[in-house]
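Peer 1: okay, predicted coordinates and the sequence, questions at the end:
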Amino acid sequence: MTELDSLNQQFAIPGHVDFVAGPGGLIQASINNGLASAEILLQGAQVIGWQAGHAAPVIWLSKGARFEAGKAIRGGIPICWPWFGPHPETPALPAHGFARTAFWEVAHTEAFPNGATCIDFKLQASASTLALWPHEFELHYRVTVSQTLTLELLTHNPGNSAFTITEALHTYFAVGDIGDITIDGLAGCAYVDKVDQEKTKIERGNVQIDSETDRVYLDTPGEFNITDPRLKRRIHVHAEDSYSTVVWNPWQIKSEKMGDMGQDGYRTMVCMEGGNAYNNAVTVPSGQTHRLSTTYSIADQL
Ligand code: TA6
């Protein structure tokens, strides 16, 4: 029996979820429940697509993305864990931690009476993770798909001592054109400006983007909107236990250097990431569990 056969035997739900060979042969959970469709790779438990009803796709995936086992994939919703950005002490370690390139297990699937579908993934410490980060851990990640998309990342500390993490659900949103969008909900927040010597600044109003932008907003509230006049929609973001919000667009020159953004891909994406980074780092005491959650919904026809 192949791995796909085993996954389908254990977790497939007709009319909701099955498992297929995805891009690059990576195993993919395909959800299609009549309310929405979503595609999630077992590598990194990475959502690579979500489309509510007949609306335009909400999650952006680079046309230049490379799908190779163990390699980061450009687009979707990478899980940055147990550190966000470069490793604080050892820059040679993988950026954004190891969760996004690890092979996660499927723990559960369920179809709900309201038509939604959820899939639970889990990742535990192993020799390879302990070599990168010397702590026992259990990660549980639930993706719930309907006209909304809810992501819940639970960090459990089964060890005898506390550990500290930084984290982000590094979501790439599809937009009509980066120059037209407005992001609200961050006014008054301090942010670290990573394209200006990591200076700390204060957001004066709504965010508009006309050049490379890489900001980590701190102590942020939990309600934001990405207003997209070209696609005539507003993406609402509701975040819980997420005190940092990252806004990123590499713009043209950095995109060309990255090599996997596709031709002018930067024009049709914006990253808005919920998590906990910088002085919002989270310490998880022994035996405790930390929860990070975000929900996306769409208001069409602006
Ligand atoms: O979230 C923004 C950021 O930290 C940027 O600085 C940029 O590095 C981006 O993440 C993408 O990182 P990656 O390792 O996926 O190329």
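Peer 2: On my side now, so go ahead.
Peer 1: check contacts around the residue of the stretch 51-200 of the chain found nearest the ligand.
Peer 2: Nearest residue of the stretch 51-200 of the chain to the ligand: A95, at 4.0 Å (C-beta to the nearest ligand atom). Quick note: C-beta positions are derived from backbone N, CA and C, even for glycine. Counting by C-beta atoms under 8 Å, 6 or more residues apart in numbering, A95 touches 72, 85-87.
Peer 1: which helix or strand contains it?
Peer 2: Counting by DSSP states H and E, there is no helix or strand that carries A95.
Peer 1: quick check, R142 in a strand?
Peer 2: Yes: counting by DSSP: H, G, I helix; E, B strand; the rest coil, R142 is part of a strand.
Peer 1: that one: neighbour count?
Peer 2: R142: 18 surrounding residues under other C-beta atoms under 10 Å.
Peer 1: now do the contacts for it.
Peer 2: Going by C-beta under 8 Å, 6+ apart, R142 touches 118-121, 150-152, 154.
Peer 1: for it, which non-adjacent residue is closest in space?
Peer 2: Nearest residue to R142, sequence neighbours excluded (C-beta to C-beta, 6 or more residues apart in numbering): E152, at 4.5 Å.
Peer 1: what pairs with the helix or strand harbouring the one you found, parallel or antiparallel?
Peer 2: Using DSSP H and E, E152 sits in strand 149-156. Strand pairing for strand 149-156, using DSSP bridges, gives strand 138-145 (antiparallel), strand 289-300 (antiparallel).
Peer 1: out of the contacts of R142, who's the most crowded?
Peer 2: The residue in these with the most neighbours, by other C-beta under 10 Å, is I119 (25 neighbours).
Peer 1: check what pLDDT the residue nearest to that one when sequence neighbours are not counted gets.
Peer 2: Spatial nearest neighbour of I119, excluding adjacent residues (C-beta to C-beta, 6+ apart): T109 at 5.0 Å. pLDDT recorded at T109 is 98.
Peer 1: rewinding a little: just the buried ones from the contacts of A95?
Peer 2: The neighbour count (16 or more other C-beta atoms under 10 Å) marks 72, 85, 87 as buried among those.
Peer 1: and the last one, how far from L149?
Peer 2: In this structure, H87 and L149 are separated by 29 Å, where distance is defined by C-beta to C-beta, to the nearest Å.
Peer 1: now swap in the first one and tell me
Peer 2: For A72, the distance to L149 equals 21 Å [C-beta to C-beta].
Peer 1: just checking: what are the partner strands of whatever helix or strand I40 lives in?
Peer 2: Using DSSP H and E, I40 sits within strand 36-41. Paired neighbours of strand 36-41 in the sheet (DSSP bridges): strand 27-32 (antiparallel), strand 46-52 (antiparallel).
Peer 1: with respect to the ligand, which of those lies nearest?
Peer 2: For the ligand, the closest of the strands paired with strand 36-41 is strand 46-52, at 11.2 Å, according to C-beta to the nearest ligand atom.
Peer 1: how far does the closest one sit from the chain's center?
Peer 2: Chain-centre distance of strand 46-52: 10 Å, with C-alpha atoms, centre = their mean, to the nearest Å.
Peer 1: tell me if that strand is near the ligand.
Peer 2: No: for strand 46-52, no contact with the ligand is found by C-beta under 6 Å from any ligand atom; the gap never falls below 11.2 Å.
Peer 1: contact partners of the next helix or strand after that strand?
Peer 2: Proceeding C-terminally, strand 46-52 gives way to strand 79-80 as the next helix or strand, assigned by DSSP H and E. Residues outside strand 79-80 that contact it (C-beta under 8 Å, 6+ apart) are 44-46, 96-97, 99-100, 141, 153, 166-170, 273, 275.
Peer 1: each with direction, which strands does the helix or strand just after the strand holding E152 pair with?
Peer 2: Counting by DSSP H and E, the next helix or strand C-terminal to strand 149-156 is strand 163-165. Sheet pairing of strand 163-165 (DSSP bridges) gives strand 282-284 (antiparallel).
Peer 1: pull out the buried positions in the strand it pairs with.
Peer 2: Under the neighbour-count criterion of 16+ other C-beta under 10 Å, strand 282-284 has 282, 284 buried.
Peer 1: same question for stretch 92-107.
Peer 2: Applying a neighbour-count criterion of 16+ other C-beta under 10 Å, one finds 93-94, 96-102, 104, 106 buried in stretch 92-107.
Peer 1: what of stretch 223-236?
Peer 2: In stretch 223-236, counting by 16+ other C-beta under 10 Å, buried: 224-228, 231, 233-236.
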